[in-house]
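1. output the structure for:
(chains A and B)
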Amino acid sequence: MKVRTRFVSNSSSSSFCIYGAAIDMETLKKILQSEEKIETEKEKLVKKAQEAYGKVPPEEYLKLKADAEHYKDFDEGFYEQFNKLITKFGLSYYDQSGYGEYFCIGRNFTSMKDDETKKQFQDSVQSKLAEMCGKKIECEVIEGEYAT
Amino acid sequence: MKIRLGFVSNSSASSFCIYGVLLDSDEVRKLLEMGEDDDFDDPVEQLEKKTGLNCGTYDDYDNFYVGRSYDTLKDDETGKQFKESVEKKLKELLGKDVKCEHMEEAWNG
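-> Model (predicted):
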């Protein structure tokens, strides 16, 4: 794959072309909060810290406790959880705004399989996004730039 | 429908993604049947007309992107057919096998 960028401003930017939808941060947070997987992960860490209490050196316990608390802080864990979610659905995303205002989520055209038709490709994105968001999402070809 | 999303800085940025090749100005002059010293006059439009493909370049006309944009994919066309159509067309035009790639370009206008 060749990616060449030439910006007058010399900023580090790239372009992308996906089939998908632009989804804002607030909507994504709601989706992530409803994901059972996130709770399970948090609970696992809390349990691990609780079980370690009195059995491991204090500094190790404090580290485990901090890890668990990190997961309780939803905003801090957002990107980690978001990446997990995206990977789970086999999608890609671009943080085009550069600061997480909204994300372009879908499939890059380079991921289209040799034996996959455009219709199948589009259907797969629509179905994955619908499953992820719990409702039908209007998809489009999105072409744009993002800061790297 | 295809949408273009602007850059955060609100600059007049442009981008495109194609499957194709990068040709130098000599190859393009040859394709357009131009003389070595002839100046380019709207070469992208001429190149698109001549090749039937999607093209792009910089202002300095040193290099030209020639291929198919992904939004030209037909509903029943597979990824393999899409790539083969570009490779076949470019082989016809250039008279030789060419190695095509996915190419992304972005610049501030």
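2. have a look at chain A and report its longest strand.
-> strand A:13-24 (DSSP state E).
3. hang on, I meant chain B
-> strand B:13-24.
4. tell me what angle that one forms with strand A:13-24.
-> Inter-element angle recorded for strand B:13-24 and strand A:13-24: 140 degrees (by axes from the mean of the first three to the mean of the last three C-alpha atoms, to 10 degrees).
5. so what are the sheet partners of strand B:13-24 and their directions?
-> strand B:63-69 (antiparallel), strand B:101-108 (antiparallel) (DSSP bridges).
6. quick revisit: any idea how far the following helix or strand past the longest strand of chain A is from the chain center?
-> Downstream of strand A:13-24, the first helix or strand assigned by DSSP states H and E is helix A:25-33. When distances are taken as C-alpha atoms, centre = their mean, to the nearest Å, helix A:25-33 is centred 10 Å away from the chain's centroid.
7. report the helix or strand with the lowest average pLDDT across chain B.
-> When the helices and strands of chain B are scored by mean pLDDT, DSSP states H and E, strand B:2-5 comes last with a mean of 46.
8. what comes up buried for stretch A:113-120?
-> By 16 or more other C-beta atoms under 10 Å in any protein chain shown, the buried positions in stretch A:113-120 come out as A:116, A:117, A:118, A:120. Backbone N, C-alpha and C define where each C-beta goes, glycine included.
9. do any residues in it lie close to chain B?
-> Yes. On the criterion C-beta under 8 Å from any C-beta of the partner chain, stretch A:113-120 is in touch with chain B at A:113, A:114, A:115, A:116, A:117, A:118, A:119.
10. now for those residues, which pair is the farthest apart?
-> Farthest apart among the residues of stretch A:113-120 next to chain B by C-beta to C-beta are A:114 and A:119. That separation is 15.2 Å.
11. just the element for the residue located most distally from the centre of chain A, please.
-> No residue in chain A sits farther from the centre than residue A:54, which is 36.5 Å out by C-alpha atoms, centre = their mean. Following DSSP H and E, one finds residue A:54 outside all helices and strands.
12. which parts of chain A are strands?
-> A:2-5, A:13-24, A:92-94, A:102-108, A:140-147.
13. what's the per-residue pLDDT of residue 71 here?
-> Going with chain A. Residue A:71 carries a pLDDT score of 67 in this model.
14. could you do chain B instead?
-> 86.
15. distance of it from chain A?
-> 5 Å (C-beta to the nearest C-beta, to the nearest Å).
16. and that residue, that one's in a helix?
-> Yes. Residue B:71: assigned to a helix according to DSSP: H, G, I helix; E, B strand; the rest coil.
17. what about it, how many residues nearby?
-> 18 (other C-beta atoms under 10 Å in any protein chain shown).
18. the helix ranked longest in chain B and chain A, any residue contact?
-> Taking DSSP state H as the criterion, chain B has its longest helix at helix B:79-94. Yes. Applying C-beta under 8 Å from any C-beta, one finds that helix B:79-94 is in contact with chain A at B:79, B:80, B:82, B:83.
19. identify the residues contacting that helix?
-> Residues from elsewhere that reach helix B:79-94 (C-beta atoms under 8 Å, 6 or more residues apart in numbering or on different chains): A:112-116, A:121, B:19-21, B:27, B:31, B:50-53, B:66-68, B:70, B:73, B:77, B:97-98, B:100.
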